[in-house]
Each structure stands twice: as structure tokens, then as C-alpha cells.
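Colleague: the following comprises the amino acid sequence and a computationally predicted model.
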Amino acid sequence: MDLNIVDLSRLQFAITALYHFLFVPLTIGLSILMAIMETVYVMTGRDIWRQMTKFWGVLFGINFVLGVATGIVMEFQFGMNWSYYSHYVGDIFGAPLAIEGLMAFFLEATFVGLFFFGWEKLSRIGHLAATWAVAIGSNFSALWILIANGWMQNPVGSVFNPQTMRMEVDDFFAVVFNPVAQAKFVHTVSAGYVVASIFVLGVSAWYLLQGRHLALAKRSMTVAASFGLASSLSVVVLGDESGYLSTEHQKMKLAAIEAMWKTEPAPAAFTVIGFPDQAARETHYAVHVPWVMGLIGTRSLTTEIPGIEELVENAEERIRQGIVAFDALQSIREVGNTADIPDDVAKAFEETGHDLGYALLLKPYLDDPREATDEQIAQAAWDTVPNVPTLFWSFRIMVGLGFFFIVLTATFFYLSARHQLDRYPWLLKVAVFAIPLPWIAAECGWIVAEVGRQPWIIEGVLPTAAAVSDLGATTVLMTIVGFAAIYTVLFVIEMTLMLAAIRKGPDAEPSSEARIAPPSLLPAE
């Protein structure tokens, strides 16, 4: 398989995924903020909270439509650009995606219509229920997508069937409750809450600077600061949990994030800054903080975190074991009938089958892994090292921005409690200019998760180079150009619509004290 096809297919999926992920976090976070605001409206009867819900709902709706449009394309790519991947793991990977579509997305898409068109047709309690259904559906969509993605990072609850040459589910609940998937879910949705909180905070700060819609802006900032502070703190805690799980399931990713070329005595130091040199296999001008990485990665002072060189040596041994499994698999396929498989062949595959994927790392170098030379095996072992500088810097940008969001939301939370949100114009300007920063952090997190898994499309099971469709490079390149152009147009359209809605503001400017009767006394509107 031409490696150019692999690189181009990865680039195409990366472009579509990065564009899609511009819309997803804001959808997830705004849905919860809308539900909170409408809950306050139903509890207090103050019309200002209804106006807030409707205004932020317009921005949610624009973003929701673009998220759906870009997400559908991604699912088609699995069959088009990654056909062998779909064949190899479709029995497992397809189930969470199907549940997401049938349960979460339909729930969200059904009730989003009631949210927009049901204000005058549903009771306040009924409309609130629809709004919470939209929020729950948005978060459930993320859950099932991340269960699928988490399985790619930690393929539990499945076995390889040598007769069908496919991975098959043997424990669906292990797939659903995969600890990596659950940690990714809570971490990702918390990041989405931060994105929405900073967005609401920044837009509201702009209104205060403009002297417009003050009642809506101050209340929105109060909600966003409170929700954003809690979410920012949870992102740090849950990110720490993801790092701990990487120590168990993705050691190479953790070592690459730290640019840890050699195994250090426990507890390992944390590299605050440095300049990783993958060619020289060292990190120049590194600044270390003792013990921190050991505590984060192992929760102990005595457990070592293996370095890249040690992990490469382990990979080389697993490649050799994988070659034994590959040889046994060829014998099994030649026999055909399970009952006729020799005992020694069956035993060899049982003992080494878990390393079969490592033998497939040799496929870019030769068709039959059994013919590999020691040099090719060593080269394939070093292929298990992802792009270290990319991971190193993406992780540090993400973490640095995460702590900035804690400081920003905590500051506005304090000012909100003292009713001084508009006291410091320069802080309001900081909030406005901070609007794009959560997206940068979220995209960096996606890069850490996905680039850090390379060269695997399924960790330890199927290399990325073995998963692509047999397409021409020209075909893939044309689709990359087409997708980039179309998605750029869609992004410009969304930005135009969002900015127009923000400039316009809410439909009405109600009195902050305007009240209506309690919900128990009202008939359906």
C-alpha cells in the first residue's frame, strides 16, 4: 500500500475532524447553559431569563446545524477511506456509532425543534423538559462517540477471530464501561463546558463594553463564570485521570508527551519546557520539576515511567512475537476447518496472538512479515514513536490555557459575587479576546489524543498504514481540497451568522425585574 495514501487519508480525516470539533464543544456546553438559564426562568418567573435562553439558543442553533453537517461526512469516511478498518473492527466500532445515531442524536434533533418552535405551544415546564432533552441528547452523543474512540485507544471486550479475520465483541459492557472511554468522555464534555462558558463570558463582556443589554450580559456572565470555573477545575482533575490511565494503557503516548527518551528513576520529573529533537533523540534546554510526573503518571513515588527507548525495545520484542502469531495465522487459514488445526499451531497463536498487530507494522516494508530482517524489525519498532515535538507542545499549550481559564473564570466569579462585573474595562477586554482560546486548547487536546496513538489506528491491534482503502493519491488529494474549501465556506457562513446574531442581540429588552405568574398557576402557553 502506497504510504502517500496513508498520509493523505490521515490528513483528510484530520481536516474534517478539526473542522467538526470547532462546533461540537460549543454545542455541548451551550445546551447545558441554556437549560440552566431556562430552569431559573421557570423557578423565578423573571422574563429576562427567558430572553437569555432564547438569545443563546439562537447561537446554539446556528452552531448545531454546522456541527451536524460536518459530522455526517466523518462517518462516511470510515467506509470510503478506511475500508479495511471498517471490515476489521466494524462489529465493535459500529455499535456505539449506531446507538449514538438512534438514541442520542435522534433525541437531540427531535427536541431541538420543540425548543425553537415550542415557546408559545408548550407549557413552561414542558418547554423546559424539551430544553433539558436537547442538553442530555448532546451529551449522550458525545458519550457514544467517545466510547467508540476510547475503544480505539484501549481495545477491551473484543477478540480476534482468525476464521473471519475480524475483531468481534465478546463483552459489550467492557466496551461501554472502558475506563479510557469514560475518562475521555467526562474530560471532553467538561472541555466543551469551558468553551461555552468562555464564549458566553466574552460575548457578554462585549455587551458591557458597548453599554448594551446590560441585564442580559451581567446575568449571563454570572452563570458563565460559575459554570466555567467548576468546569475548568474539573478539566484539570479529569485530565490528570487521563494521564494516569495513559500510564497503564498508552505508555508510549505518555513518554512522548514528556519527551522522556530514557527511563528515569522513580518518581520521574515533569518537563516544564524544552525543545525535543526526535532525530537526536534528546530534549534540549529542558527545565524539569522533580517528582511531579511520577505523581501524576503513577500516583506513587516508587513506580517507574518507562522512557521511549525502553518502550521501543519492548515493541521490537512484541514484533518478533507477532511474526510467530502471523505464521500461525497463515497455517490456520490454510487448514480452514477449526477442528483440523494442529495443536501446536493453535497453541502458538493462543500464546502470541495478542501481538499480531505488531507484525503488521512490518507491512509498509514487505508483504510477508516472516521475511523481515533485523534492521526492518528495528525500524518498525521505532515507528511506534509518535511525533514527539507535536505532542510535547500541544500538551503544554493545552495545559497552560487550562490554568488561564481557571484564573479568568475565578476572577469573574469573584466580581460577580461583589456585583462589580463592569468595574474593570480592561478585564472585560481580556474576556472578549479570550473567546477563541478554548477552541485552541480543545484542538490541542484532540491532537494529543490522536497523534499520540500513532502509528496505531487501534492501539496495539491494527496499524494505521494497514487500515486505509486502496485509493489513488489523486482521488484523495482532490477530496482534501474539496472538503477544505467547502468546510471553509461553511465556517465563514457560521461566523457571519453568529456575529450578526450577536450584533443584533436579544429580540426584546425586558426589565430585569419583569415577572410572570409562577408556573403552577399558568396554563399551557
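Modeller: Received, thanks.
Colleague: use CA for all of it now, contacts and neighbours both
Modeller: OK.
Colleague: low-confidence regions, the stretch 251-400 of the chain specifically.
Modeller: Across the stretch 251-400 of the chain, residues meeting the criterion (pLDDT under 70) sit at 336-340.
Colleague: ok, now with 90
Modeller: Counting by pLDDT under 90, the ranges of the stretch 251-400 of the chain that qualify are 251-274, 277-307, 325-357, 363-369, 371.
Colleague: just the strands in it please.
Modeller: Ranges of strands in the stretch 251-400 of the chain, per DSSP state E, counting those that start in this stretch, are 270-277, 282-289.
Colleague: would you mind finding the most buried of these?
Modeller: strand 270-277 (a mean of 18; mean count of other CA atoms under 10 Å).
Colleague: in its sheet, what does that strand sit against?
Modeller: Looking at strand 270-277 with DSSP bridges, its partner strands are strand 282-289 (antiparallel).
Colleague: can you read off the pLDDT for L3?
Modeller: Note for L3: predicted pLDDT of 49.
Colleague: equivalent analysis for R515, please.
Modeller: Confidence at R515, expressed as pLDDT, is 46.
Colleague: now do the one 4 residues further on
Modeller: What the model reports as pLDDT for P519 is 41.
Colleague: I28 contacts S138, correct?
Modeller: Yes - counting by CA atoms under 8 Å, I28 does reach S138; the two are 5.6 Å apart.
Colleague: just to revisit the earlier point, dump the strands of the stretch 251-400 of the chain to TSV, plus distance to S231.
Modeller: As requested, these are arranged in TSV below (distance: least, CA to CA, whole Å):
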stretch	distance to S231
strand 270-277	24
strand 282-289	26
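Colleague: those: which one's closest to A434?
Modeller: Of all these, the one in closest proximity to A434, counting by CA to CA, is strand 270-277 (23.2 Å).
Colleague: can you point me to the longest helix in the protein?
Modeller: With DSSP state H setting the assignment, residue counts place helix 3-44 as the longest helix in the chain.
Colleague: what is that helix packed up against?
Modeller: If you count contacts as 3 or more CA pairs under 8 Å, 6 or more residues apart in numbering; DSSP states H and E, helix 3-44 packs onto helix 47-80, helix 124-153, helix 179-210, helix 214-249, helix 437-451, helix 473-504.
Colleague: try it again at 7 Å.
Modeller: Helices and strands touching helix 3-44, as assessed by 3 or more CA pairs under 7 Å, 6 or more residues apart in numbering; DSSP states H and E, comprise helix 47-80, helix 124-153, helix 179-210, helix 473-504.
Colleague: how about these in CSV, adding mean pLDDT, mean neighbour count and distance to D343?
Modeller: Rendered in CSV, the data for those read as follows (pLDDT from 0 to 100; neighbours: other CA atoms under 10 Å; distance: least, CA to CA, whole Å):
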stretch, mean pLDDT, mean neighbour count, distance to D343
helix 47-80, 84, 19, 37
helix 124-153, 88, 23, 32
helix 179-210, 91, 24, 36
helix 473-504, 86, 15, 44
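Colleague: mind putting those helices into a markdown table with distance to D374?
Modeller: As requested, these are arranged in a markdown table below (distance: least, CA to CA, whole Å):
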| stretch | distance to D374 |
| --- | --- |
| helix 47-80 | 34 |
| helix 124-153 | 28 |
| helix 179-210 | 34 |
| helix 473-504 | 31 |
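Colleague: closest one to Y358 among these?
Modeller: helix 124-153 (15.3 Å).
Colleague: which residues are contacting the following helix or strand past the closest one?
Modeller: Note on helix 124-153: by DSSP states H and E, the next helix or strand toward the C-terminus is strand 158-161. The contact list for strand 158-161 (CA atoms under 7 Å, 6 or more residues apart in numbering) reads 166-171.
Colleague: quick check: next helix or strand after strand 158-161?
Modeller: Assignment by DSSP H and E places the next element after strand 158-161 at strand 166-169.
Colleague: convert that next one to PDB, retaining C-alpha atoms only.
Modeller: Once side chains and other backbone atoms are set aside, the C-alpha atoms of strand 166-169 remain, and they are given as PDB (Å, rounded to 0.1, in the frame of the first residue of the first chain):
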ATOM      1  CA  ARG A 166     -12.200  -9.600  12.100                       C
ATOM      2  CA  MET A 167     -12.300  -8.300  15.600                       C
ATOM      3  CA  GLU A 168     -15.500  -9.400  17.400                       C
ATOM      4  CA  VAL A 169     -17.300  -8.300  20.600                       C
END
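Colleague: list the pairing partners of that strand within its sheet, with orientation.
Modeller: Sheet pairing for strand 166-169, assigned by DSSP bridges, gives strand 158-161 (antiparallel).
Colleague: for the record, mean pLDDT for the strand it pairs with?
Modeller: Average pLDDT, strand 158-161: 86.
Colleague: quick check: buried residues in it?
Modeller: Residues of strand 158-161 classed as buried by neighbour count (16 or more other CA atoms under 10 Å): 158, 160.
Colleague: I'd like the numbering to begin with 3 instead of 1 from here.
Modeller: Okay, using 3 as the starting number, the last item reads as strand 160-163.
Colleague: from the chain's centroid, how far away is it?
Modeller: 26 Å (CA atoms, centre = their mean, to the nearest Å).
Colleague: just the CA atoms of it, as CSV, please.
Modeller: As requested, C-alpha coordinates have been extracted for strand 160-163 and formatted as CSV (Å, rounded to 0.1, in the frame of the first residue of the first chain):
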residue,chain,number,x,y,z
SER,A,160,-13.1,-7.9,22.0
VAL,A,161,-11.3,-10.9,20.4
PHE,A,162,-9.8,-11.6,17.0
ASN,A,163,-11.4,-14.4,15.0
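Colleague: returning to that earlier point: nearest to P457, out of the strands of the stretch 253-402 of the chain?
Modeller: Between P457 and the strands of the stretch 253-402 of the chain, the shortest gap by CA to CA is with strand 272-279, which sits at 18.9 Å.
Colleague: could you tell me how far that closest one lies from the centre of the chain?
Modeller: Mean-position distance between strand 272-279 and its chain equals 24 Å (CA atoms, centre = their mean).
Colleague: mind listing residues that contact that strand?
Modeller: Identification of contacts with strand 272-279 by CA under 7 Å, 6+ apart yields 260-261, 284-295, 390-391.
Colleague: can you report how many residues lie near I399?
Modeller: Here the number of neighbours of I399 (other CA atoms under 10 Å) works out to 15.
Colleague: identify the residue nearest it in space, chain neighbours excluded?
Modeller: A443 (6.8 Å; CA to CA, 6 or more residues apart in numbering).
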